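Asker: Got a predicted structure here, sequence first:
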Amino acid sequence: MLKKKQKKVLIRIIVASVMTALLIINDHLKFVEVDRNLLFVLYLIPYLIIGYDILIKAAKGIKNLQPFDENFLMAIATIGAMILGFTYTGDYEEAVAVMIFYQIGELFQSIAVEKSRTSISKLMEIRPDCAYIEENGELVEVDPDDVAVGTEIVVRPGDRIPIDGVVTNGTSSLNTATLTGESIPRDVTVGDEVLSGCINMTGVLKIRTTMEFGESTVSKILDLVENASSRKSNSEAFITKFAKVYTPFVCICALLLAVVPTVIILTTGSGSSYQEWIYRALTFLVISCPCALVISIPLGFFAGLGGASRKGVLIKGSNYLEALSEVETVVFDKTGTLTHGVFEVTDVISDKYAPERIIELAALAESSSPHPIAGSLIRAHNADIDRNRVTNIEDIAGKGVIAVIDGMKVAVGNSRLMEHIGVSHQQTDAYGTISHVAIDGEYAGYIVISDVVKEGSSEGLKDLKKAGIKRTVMLTGDTEAVAKNVADNIGIDEYHSQLLPQDKLTILEKIMEDSKSTAFVGDGINDAPSLVRADIGITMGSIGSDAAIEASDVVIMDDDIRSVATAIGISRRCMRIIRENIIITLIVKFSFLGLAALGVVDMWLAIIADVGVMIVAVLNSSRALLYRQK
Amino acid sequence: MKKSYKVEVDCASCATKMEDAAKKVPGVKDASINFVLQKMSIEFEDGVDPKAKMPEVLKACKKVESDCEIIF
């Protein structure tokens, strides 16, 4: 469990504690009479055992002209206490105790960091170590870095796909959970594209690689996660700056606390003891150590980023986590984000015929048309099309198609086609593209083809409202009717329709003026400028698209609008934890600094408060790793 | 050019000190340490060979934090 270094510290803590305890007991019960000088030497042994490295580091700091760090504080405080003990009080246990507690705190901190590191590196275990190539009928293990594009690799069941590619042989189910958070296995067969990082579950697959390892999805994702916390947030920058000013400041305060009363006492010759003031100054130094802040804040951010990536939300840096927590307005691009961006048959209305029959006839009639609607109809029909049944196809531009199917004259097209052939058709205000169908000059019904709203879109928007997002906006290039329908359907606050790509940016900028912080959610296709311009750019449904990952600050891997609210929830919780830590630490520190100056707090209490608040802050930070959806 | 290296460092403020030290090495444009992940990323100036530069960076870091380690 413990690393070698940690074990060594633990042994030092135990040895020093036992020795000090024995000395303290002897002090009180007087088993052995110890001479004053000998007592100093006896306490010096555990003091050096526990504190030698801190003394060395402090000395090095002074040598490098960067003396103000916690080693320096601890060294000065304990050396001072030892000298004070030798010359005045005869008590040494406090100095040793301060060092022991300080080391316990450091040990705890290193274990806590280690722990959160391993819990996150489990997420990162998606890096495949090797690839297999078939050579003369045998599998040979190779470094995935050495696999050239176009090589055929073999992936056995249970293995992770190391490199993006296309299946050339075999069928299997893939576990894509690490990439998408999606738990439903994905079936793949020859010709399918597969992404690295997925686990092959059932059958042996042969895959022809289409990328180099370094360019593959899994490498890209790992890169993103690993480099995430190198972008520092305002809070982290604040703490770094704070620590730089704070330590010299408390050192000067301590110096004044020791010197000023001493000078007054010595010059006025009044009866009180100057040693008492020196003791207070040393206590002041013990409590002043800023480690609780210095460690708990980066740890909190790290845990927040890790917690988010567990939920399939990759945040590119702690500065973005911070910005995400302040979002008030969320702007969505419609197509590809709120809707699938694929036109499908959503409704069939007919009084006389079964919907399947209407679709079959429409699909047959449109079977040789290049129009996108034909594709939707054929997909909806979902069966083989026998083109021999279709004759005399007549394509009427801008209106539709008339064809003879099984001897019936079928007309499929818009209302203008119906007027053209003189058939009275049903009026409808259904949203989407309407294809009317007439059979042998008689009206048969109509088919509605529209962009399909993504599952979870309306829940996602409700979640956002619950999370306190003030305003949600949808931008789309589609017509007013289409936009209104989708907006009503999913319950978005407002929408802007018939926008050209550049209009989207203008509107986004206008929205940004009214809001403290605005997030833009898009799929990365033709909305990259908006992603970059918004305070926070969120892409979704774009795993494998480099441009989108590049342009955005947050990547949602599972293509689910609900994750936007999750991401905001995680960021808010993380920021709250970090703020709690800053406040708790500063309150405890400053009140103890005051109490130490007044002489109310002794060194024992000072070190316990110092280490205690650090432990509380670290434990609090690790909460950021856990996030449960409300 | 940006490269990242594994580091061994025990405390967060030591990591900050190492960052500062590494930044001051000529040829290094920017340096940052992810203390929790124990990773250091260094941005080198154009034309600087990272392999040749790293011993110098390590030396600078060792000066401020003697028991740190950079693996390169």
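Answerer: Happy to help now that I have it. Residues are numbered from 1 along each chain as shown, chains lettered A, B, ... in the order given.
Asker: Nearest the geometric middle of chain B, what residue?
Answerer: Nearest to the mean C-alpha position of chain B, by Cα atoms, centre = their mean, lies residue B:22 at 4.9 Å.
Asker: Mean pLDDT per helix and strand in the chain: which one sits at the bottom?
Answerer: All of this is about chain A. Least confident helix or strand of chain A, by mean pLDDT, DSSP states H and E, is helix A:177-180 with a mean of 66.
Asker: Around chain A, which positions in chain B sit nearby?
Answerer: Within chain B, the positions adjacent to chain A are B:4, B:10-13, B:16-17, B:32, B:34-39, B:41, B:63-64, B:66 by Cβ under 8 Å from any Cβ of the partner chain. Every C-beta, even on glycine, is put in place using the N, C-alpha and C of the backbone.
Asker: Drop anything exposed from the residues you listed.
Answerer: With neighbours counted by 16 or more other Cβ atoms under 10 Å in any protein chain shown, the residues of chain B next to chain A contain buried members at B:4, B:10-13, B:16-17, B:32, B:34-39, B:41, B:63-64.
Asker: Which ones among the residues you listed lie within helices?
Answerer: B:12, B:13, B:16, B:17, B:63, B:64 (DSSP state H).
Asker: Mind picking the two most distant members of those?
Answerer: B:12 and B:63 (18.8 Å; Cβ to Cβ).
Asker: Flag every residue of chain A that's near chain B.
Answerer: Counting by Cβ under 8 Å from any Cβ, the residues of chain A that sit close to chain B are A:5, A:56-57, A:60-61, A:64, A:66, A:69-70, A:106, A:109-110, A:113, A:116-117, A:120, A:226-227, A:229-230, A:232, A:240, A:243, A:290-291, A:294-295, A:298-299, A:302.
Asker: For the residue of chain B at minimum distance from chain A, grab phi and psi.
Answerer: Ranking the residues of chain B by distance to chain A (Cβ to the nearest Cβ) places residue B:36 first, at 4.2 Å. Here is the backbone geometry of residue B:36 (degrees, to the nearest 10): phi -70, psi -40.
Asker: For the nearest residue to it once chain neighbours are set aside, report the pLDDT, please.
Answerer: In space, residue B:36 comes closest to residue A:302 once its chain neighbours are excluded; the distance is 4.2 Å by Cβ to Cβ, 6 or more residues apart in numbering or on different chains. pLDDT for residue A:302: 82.
Asker: Which of the helices or strands spans residue A:302?
Answerer: helix A:291-310 (DSSP states H and E).
Asker: Skip ahead from that helix and say which helix or strand is next.
Answerer: strand A:313-315.
Asker: ok, residues contacting whichever helix or strand comes after that next one?
Answerer: Using DSSP H and E, the helix or strand that follows strand A:313-315 in sequence is helix A:318-325. Helix A:318-325 has contacts (Cβ atoms under 8 Å, 6 or more residues apart in numbering or on different chains) with A:228-229, A:231-236, A:298, A:301-302, A:304-305, A:308, A:315, A:517, A:519, A:535-536, A:553-554, A:567-568, A:571-572, A:574-575.
Asker: how does it look with 7 Å?
Answerer: Helix A:318-325 is contacted from outside by A:229, A:231-236, A:301, A:304-305, A:315, A:517, A:535-536, A:553-554, A:567-568, A:571-572, A:574-575, using Cβ atoms under 7 Å, 6 or more residues apart in numbering or on different chains.
Asker: contacts for the following helix or strand past that helix?
Answerer: As assigned by DSSP H and E, the chain's next helix or strand after helix A:318-325 is strand A:329-333. Residues outside strand A:329-333 that contact it (Cβ under 7 Å, 6+ apart): A:338, A:464, A:469-475, A:508, A:511, A:515, A:518-523, A:527, A:534, A:564.
Asker: at 6 Å what do you get?
Answerer: A:338, A:464, A:469, A:471-475, A:508, A:511, A:515, A:518-522, A:527 (Cβ atoms under 6 Å, 6 or more residues apart in numbering or on different chains).
Asker: same check, this time on stretch A:516-527
Answerer: By Cβ under 6 Å, 6+ apart, stretch A:516-527 touches A:326-333, A:336-337, A:501, A:511-512, A:530-531, A:534-539, A:541-542, A:545, A:547-548, A:564.
Asker: Pull out the buried residues from those residues.
Answerer: For the contacts of stretch A:516-527, buried by 16+ other Cβ under 10 Å: A:326-327, A:329-333, A:336-337, A:511-512, A:530-531, A:534-539, A:541-542, A:545, A:548, A:564.
Asker: Mind checking which of the contacts of stretch A:516-527 land in strands?
Answerer: A:329, A:330, A:331, A:332, A:333, A:536, A:537, A:538, A:539 (DSSP state E).
Asker: Does the last one touch residue A:552 like I think?
Answerer: Yes. With contacts defined as Cβ atoms under 6 Å, residue A:539 counts as touching residue A:552 at a distance of 4.0 Å.
Asker: State the mean pLDDT of the longest helix belonging to chain A.
Answerer: For chain A, the longest helix by residue count, based on DSSP H, is helix A:562-598. If you average the pLDDT over helix A:562-598, you get 91.
Asker: Tell me which residue of the chain is furthest from the middle?
Answerer: I'll assume chain A. For chain A, the residue at maximal distance from the C-alpha centroid (Cα atoms, centre = their mean) is residue A:269, at 63.7 Å.
Asker: was after chain B, sorry
Answerer: residue B:47 (18.0 Å).
Asker: right, and the secondary structure at that one would be what?
Answerer: On the three-state scheme (DSSP: H, G, I helix; E, B strand; the rest coil), residue B:47 is labelled coil.
Asker: and it, what does it touch?
Answerer: Contacts for residue B:47 (Cβ under 6 Å, 6+ apart) come out as none.
Asker: quick one: pLDDT of it?
Answerer: 84.
Asker: Tell me which residue in the stretch 401-550 of chain A sits closest to chain B.
Answerer: residue A:550 (14.6 Å).
Asker: Pretty sure that residue sits in a helix.
Answerer: Yes. Assessed with three-state DSSP, residue A:550 lies in a helix.
Asker: Look at it and say how many residues are nearby.
Answerer: Neighbour count for residue A:550, taken as other Cβ atoms under 10 Å in any protein chain shown: 13.
Asker: From residue A:333, how far off is it?
Answerer: 17 Å (Cβ to Cβ, to the nearest Å).
Asker: Quick check: which ranges of chain B have low pLDDT?
Answerer: Across chain B, nothing is flagged by pLDDT under 70.
Asker: Now residue A:487. Nearest residue, chain neighbours left out?
Answerer: In space, residue A:487 is closest to residue A:495, 4.3 Å off (Cβ to Cβ, 6+ apart).
Asker: ok, the one you found touching residue A:477?
Answerer: No. Here residue A:495 lies out of contact with residue A:477, judged by Cβ under 6 Å, at a distance of 11.8 Å.
Asker: Who has more neighbours out of those two?
Answerer: A direct count of neighbours by other Cβ under 10 Å for residue A:495 and residue A:477 places residue A:495 higher, at 22 against 18.
Asker: pretty sure the more buried one is in a helix, no?
Answerer: No. Counting by three-state DSSP, residue A:495 is not part of a helix but strand.
Asker: residue ranges for the strands of chain B, please.
Answerer: Under DSSP E, chain B gives strands at B:2-8, B:28-34, B:39-44, B:69-71.
Asker: Turn these into TSV, including distance to residue A:414.
Answerer: As requested, these are exported to TSV (distance: least, Cβ to Cβ, whole Å):
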stretch	distance to residue A:414
strand B:2-8	56
strand B:28-34	59
strand B:39-44	58
strand B:69-71	68
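Asker: Just the closest residue of chain A to chain B, please.
Answerer: For chain A, Cβ to the nearest Cβ, closest residue to chain B: residue A:302, 4.2 Å.
Asker: give me the beta-bridge partners of residue A:522?
Answerer: Applying DSSP bridges to residue A:522 gives these bridge partners: residue A:539.
Asker: can you pull the pLDDT of it?
Answerer: pLDDT, read off for residue A:522, is 86.
Asker: could you measure it against residue A:458, distance?
Answerer: From residue A:522 over to residue A:458 (counting by Cβ to Cβ), the distance is 19 Å.
Asker: Any idea how many residues pack against the closest residue in space to residue A:425 that isn't next to it in sequence?
Answerer: Nearest residue to residue A:425 in three dimensions, chain neighbours excluded: residue A:418, at 4.1 Å (Cβ to Cβ, 6+ apart). By the criterion of other Cβ under 10 Å, residue A:418 has 21 neighbours.
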